[in-house]
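*Asks:* structure of the sequence below:
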Amino acid sequence: MTRQLQNLIDLAWEARADIDSVNSPELREAVDFLRYYADLDYRTIASVLDVEVGTVSATLSSALTSLRRSLSEPVR
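*Replies:* Modelled structure (predicted):
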């Protein structure tokens, strides 16, 4: 594991203390960050954040659905 990746994981682990529930914005941000910036797989993200793999999958699915909706709305 590279040093940069380890630093990202360490930051996510520290932020984990702020995650109150599986529906929290903090969890969504952490999952998004670890998946799309740190390029970690679902199982690793689940391990780092101490949640189920299904929670990671559902969180990313919800985030992508929200993004698709916002991109499909007409610009005012």
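
*Asks:* only C-alpha atoms for contact and neighbour calcs from this point on.
*Replies:* Noted.

*Asks:* how close does Val56 sit to Ser72?
*Replies:* Applying Cα to Cα, to the nearest Å, the value for Val56 to Ser72 is 24 Å.

*Asks:* what of Asp50?
*Replies:* Look at Asp50 and Ser72: by Cα to Cα, they are 34 Å apart.

*Asks:* can you list the buried residues in the helix or strand where Ser66 lies?
*Replies:* For Ser66, the element it lies in under DSSP states H and E is helix 53-72. Within helix 53-72, the residues scored as buried using 16 or more other Cα atoms under 10 Å are 53, 55-57, 59-60, 63.

*Asks:* against which helices or strands is that helix packed?
*Replies:* With contacts defined as 3 or more Cα pairs under 8 Å, 6 or more residues apart in numbering; DSSP states H and E, the packing partners of helix 53-72 are helix 25-36, helix 42-49.

*Asks:* what's it in contact with?
*Replies:* If you take Cα atoms under 8 Å, 6 or more residues apart in numbering as the criterion, helix 53-72 is touched by 22, 28, 31-32, 42-43, 45-46.

*Asks:* run the last query once more with 7 Å
*Replies:* 28, 31-32, 42-43, 46 (Cα atoms under 7 Å, 6 or more residues apart in numbering).

*Asks:* just stretch 39-49 next, same as before
*Replies:* For stretch 39-49, contacts defined as Cα under 7 Å, 6+ apart pick out 9, 13, 16, 31, 34-35, 52-53, 56-57.

*Asks:* pLDDT of it, averaged?
*Replies:* Taken as a whole, stretch 39-49 has an average pLDDT of 92.

*Asks:* just stretch 60-68 next, same as before
*Replies:* Mean pLDDT, computed over stretch 60-68, is 87.
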